[in-house]
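> sequence first, then the predicted structure:
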Amino acid sequence: MFLRKRRRIQASSFSLYWEKIFSALQEEQDSGASHPAKDSRNEEFRTMQELAVKKEQQEDREKPESRVEGGQAEIKVPVNKIIPFSSVDGPGNRTAIFLQACNLDCKYCHNPETRALCIHCGDCIPGCPTKAIYWEEGRVAFSPEKCIGCDQCIHACTHNASPRIRRMSAKEVFQEASKNLPFIRGITVSGGECTLYPEFLRELGMLCKKRGIGFLLDSNGYYDFSKDEKDLLPYIDGVMLDIKAYNGEEHKRVTGFSNEEILKNMRILAEYDKLFEVRTVVVPGLFSGKDTVEKVSKDLSPYVRKGQKIRYKIIAYREFGVREQYRQFESPGEEELKALKELAEQEGMQDILLI
Ligand code: SF4
Ligand code: SF4
């Protein structure tokens, strides 16, 4: 009883901290230009996200039920959703796995409920019509079989989180995806940001390789893949990488963070021939689509000339799913998109897809 009370108190002070960070970030992001205080607040957000992810993994490792053969602890990750058959997450039919939590803060994020880990404040519990979410040992627990997918909990959450999370190991995810094996070409892991969980990705990639199916990552690129030259890269077929903006200041306006690391990682992935696709969402008025498409294409064209098949997916911004305070943007017109495609072609890209 005492333990439960103490956990509730811890959760609520943690929740206040997050509320403070989120609202300060939102105000600062809305105010436009970057400044040092805003940058350090963004870094604080990123560090907190990464620490929260590590903390949950450590807690999982300490649970007796996480012990597997040889006494080692199994790594579990927060899975938001598994789509058995997807035709938009890489080539062919694929099972798509969406992990929870992200380390960027994109204004046009279309899945804002995947951005943060649940802080167990309990605000979403009363509104659930089927009692699929409930308190269990001071934390918010979820019964998938009771959930009717009404999204009341997502609307109630002010922390960009979701209570509909299953903590799963790579083996468990693979087992679930295996049910679709005769009908899929591979597995794609997306997010949130999947590279927050590199050990999980490595294990799942190994299982895919053993079974002879493809394994792709959908990433924001804020991860140095070269440090995993032997541990992760051999197990992935490629990365679908978001380049939100090429210009550093514009990138900060779009995501809250600089893009030096992301551009470096784009080139690293191309060097290793692991860049399956680059994606840019075109949002007129937020950043220059022309500058981004031109410079990304210029950077990647030497690899395309060498014979690498790197696709450039140019995506029109649509407001569906975007947070209300960021819905002021307009979608680009057809002419603008066609001009961007032509520009990418002129700069040397060959496989360009407009969506
Ligand atoms: S979507 Fe959320 S609120 Fe609706 S039934 Fe499922 S858990 Fe409950
Ligand atoms: S998902 Fe529910 S319990 Fe978790 S942070 Fe959001 S409102 Fe709070």
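Structure's in. What do you need? Ligands and ions are numbered 1, 2, ... in the order given.
> up against ligand 2, what does the stretch 101-250 of the chain have?
Neighbours of ligand 2 within the stretch 101-250 of the chain, by CB under 6 Å from any ligand atom: 118-124, 140, 153, 156-157, 159, 161-163. (Each C-beta comes from the backbone N, C-alpha and C, glycine too.)
> at 8 Å what do you get?
Within the stretch 101-250 of the chain, the positions lying close to ligand 2 (CB under 8 Å from any ligand atom) are 116, 118-125, 133, 140, 153-154, 156-159, 161-163.
> which among the residues you listed count as buried?
116, 118-125, 133, 140, 153-154, 157, 159, 161-163 (16 or more other CB atoms under 10 Å).
> Gly348 against Asp299, yeah?
No. Between Gly348 and Asp299 there is no contact under CB atoms under 8 Å: 9.9 Å.
> so for those two, which sits in the more crowded spot?
Ranked by neighbour count (other CB atoms under 10 Å), Gly348 and Asp299 place Asp299 first, with 18 against 15.
> is it fair to say the more buried one lies in a helix?
Yes. Using DSSP: H, G, I helix; E, B strand; the rest coil, the assignment for Asp299 is a helix.
> what separation is there between the closest residue to it other than its chain neighbours and Gly221?
Of all residues not flanking Asp299 in the chain, Arg267 sits nearest, at 6.6 Å (CB to CB, 6 or more residues apart in numbering). Distance, Arg267 to Gly221, by CB to CB, to the nearest Å: 11 Å.
> those two: which is more packed in?
Between Arg267 and Gly221, counting by other CB under 10 Å, Gly221 is the more crowded of the two (25 against 14).
> quick one: contacts for that one?
By CB atoms under 8 Å, 6 or more residues apart in numbering, Gly221 lies in contact with Val239, Leu241, Asp242, Ile243, Glu261, Ile262, Asn265, Met266.
> so it is in which element?
Using DSSP states H and E, Gly221 is not contained in any helix or strand.
> all strands of the protein, in order?
Listed in chain order, the strands of the chain (DSSP state E) span 76-86, 94-99, 133-136, 139-142, 166-169, 186-190, 214-219, 238-242, 275-282, 311-316, 351-354.
> got a pLDDT number for whichever residue of the stretch 151-300 of the chain sits closest to ligand 1?
Per CB to the nearest ligand atom, Cys153 is where the stretch 151-300 of the chain lies closest to ligand 1, at 3.3 Å. For Cys153, the pLDDT comes out at 97.
> wait, it touches Gly127, no?
Yes. Between Cys153 and Gly127 there is a contact under CB under 8 Å: 6.7 Å.
> list the contacts of the nearest residue to Phe174 once chain neighbours are set aside.
Residue nearest to Phe174 in three dimensions, not counting chain neighbours: Leu207, with 4.4 Å by CB to CB, 6+ apart. Counting by CB under 8 Å, 6+ apart, Leu207 touches Ala170, Lys171, Phe174.
> buried subset of those?
Neighbour-count burial (16+ other CB under 10 Å) is assigned, among those, to Ala170, Phe174.
> got the strands of the chain as a markdown table, with mean pLDDT columns?
Output for the strands of the chain, formatted as a markdown table (pLDDT from 0 to 100):
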| stretch | mean pLDDT |
| --- | --- |
| strand 76-86 | 95 |
| strand 94-99 | 97 |
| strand 133-136 | 96 |
| strand 139-142 | 94 |
| strand 166-169 | 94 |
| strand 186-190 | 97 |
| strand 214-219 | 97 |
| strand 238-242 | 97 |
| strand 275-282 | 97 |
| strand 311-316 | 96 |
| strand 351-354 | 96 |
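> state the distance from the closest residue in space to Arg166 that isn't next to it in sequence to Ser219.
Leaving aside its sequence neighbours, Arg166 sits nearest to Val79 (CB to CB, 6+ apart; 4.9 Å). For Val79, the distance to Ser219 (CB to CB) stands at 17 Å.
> between those two, which one's more packed in?
Ser219 (24 against 21).
> right, and that one touches Ile243 too?
No. In this structure Ser219 lies outside contact range of Ile243 using CB under 8 Å: 11.0 Å.
> what is in contact with these two at once?
The contact lists of Ser219 and Ile243 share no entry, where a contact means CB under 8 Å, 6+ apart.
> average pLDDT for stretch 323-335?
86.
> list the buried residues in that stretch.
By 16+ other CB under 10 Å, the buried positions in stretch 323-335 come out as Arg323, Tyr326, Phe329, Pro332.
> what are the ranges of the helices in the stretch 1-150 of the chain?
Under the criterion DSSP state H, counting those that start in this stretch, the stretch 1-150 of the chain carries helices at the ranges 2-30, 36-62.
> and the stretch 201-350 of the chain, by the same measure?
Here the stretch 201-350 of the chain has its helices, by DSSP H, counting those that start in this stretch, at 248-255, 260-271, 289-305, 334-346.
> a markdown table for the ones you listed, including distance to Ser226?
Below are these laid out as a markdown table (distance: least, CB to CB, whole Å):
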| stretch | distance to Ser226 |
| --- | --- |
| helix 248-255 | 21 |
| helix 260-271 | 5 |
| helix 289-305 | 16 |
| helix 334-346 | 26 |
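> tell me which of those sits nearest to Gln58.
With CB to CB as the measure, helix 260-271 is the member of the helices of the stretch 201-350 of the chain nearest Gln58 (25.1 Å).
> show me what the closest one is in contact with.
220-226, 238-239, 241, 243, 246, 248, 251, 275, 278, 296, 299-300, 303, 308, 310.
> for that helix, the averaged confidence score.
For helix 260-271, the mean pLDDT works out to 95.
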